[in-house]
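Trainee: got a predicted structure plus its sequence, pasted below:
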Amino acid sequence: MRQVDNPSTSSGELTALLARWSSGDQDALNQIFPLVYRDLRRLAASHLRLERQGHSLQATALVHESYLRMLGREEAAVETRAQFFSAASQVVRRVLVDHARKRKRLKRGGGALIRVLDESLDAANAQGLDVIRLDDALAALAKMDSRMSRIVEMRFFGGLQLEEIAKVLKISARTVAREWRDARAWLLCQMESSSREDGK
């Protein structure tokens, strides 16, 4: 999984820009984007490696589409790098899922078969993961436990470490680790069940 704990720019500069963006200065996002572009591109590339070869969405396009959607967000309450990547994780998830749904419609119901999520549920080990099934399972999880759903979203789609997620959610890293483990188990069950039902 892409890690975002080694910033390529000064955290003070980024924090100041994030504060401006949070207070409604949309121009600040234009200055933030070049500072985090490399990290966002690596994150996008790691997700796209899960897709079939010849995938029509490229890492650069995923980053730019995510950026455009972030520009359109009315609310931007982010003060730290981790919070920024938490917000970005939601947008990246939406772009990937929207693209997968469109591709599935074009293929008249086709799509990648789900492969079993392994213990880590990360980009390196989820080769061939059906992002639509994951999104559906996450939506179901959010109805039961929205915090666990956000933990998965930030970890899988945002590349955040457990400690970073703990700071964003203002809970202990131990709680994040426990809920991450429980969420993985629940999602695996949910997605396997969905896969079996589709196979009937």
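Mentor: In hand now; what should we look at?

Trainee: any idea which residue sits dead centre in this structure?
Mentor: Closest to where the C-alpha atoms of the chain average out (CA atoms, centre = their mean) is Phe157, at 1.7 Å.

Trainee: and the strand or helix carrying Pro34, what does it pack onto?
Mentor: Taking DSSP states H and E as the definition, Pro34 sits inside helix 26-48. On a contact count with 3 or more CB pairs under 8 Å, 6 or more residues apart in numbering; DSSP states H and E, helix 26-48 meets helix 11-22, helix 59-71, helix 81-106. Just so you know, the C-beta spots here come from the backbone N, C-alpha and C atoms, and that holds for glycine as well.

Trainee: now do the buried residues in the second one.
Mentor: Read that as helix 59-71. Buried residues in helix 59-71, defined by neighbour count with 16 or more other CB atoms under 10 Å: Ala59, Leu62, Val63, His64, Glu65, Ser66, Tyr67, Arg69, Met70.

Trainee: I'd like the residues you listed as CSV, with distance to Arg147 appended.
Mentor: Below are the buried residues of helix 59-71 laid out as CSV (distance: CB to CB, whole Å):
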residue, distance to Arg147
Ala59, 29
Leu62, 26
Val63, 27
His64, 30
Glu65, 27
Ser66, 23
Tyr67, 27
Arg69, 23
Met70, 22
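
Trainee: isn't His47 right up against Arg93?
Mentor: No - at 9.3 Å, His47 does not count as touching Arg93 under the criterion of CB atoms under 8 Å.

Trainee: what sits in contact with each of those two?
Mentor: Phe157 (CB atoms under 8 Å, 6 or more residues apart in numbering).

Trainee: tell me, how many residues neighbour Met154?
Mentor: Neighbours of Met154 under the rule other CB atoms under 10 Å: 28.

Trainee: how close does it get to Asp98?
Mentor: 19 Å (CB to CB, to the nearest Å).

Trainee: mean confidence for stretch 49-64?
Mentor: Here stretch 49-64 scores 71 as its mean pLDDT.

Trainee: distance from the strand or helix carrying Trp186 to the middle of the chain?
Mentor: Element membership of Trp186, judged by DSSP H and E, is helix 173-199. On the basis of CA atoms, centre = their mean, to the nearest Å, helix 173-199 is displaced by 16 Å from the centre of the chain it belongs to.
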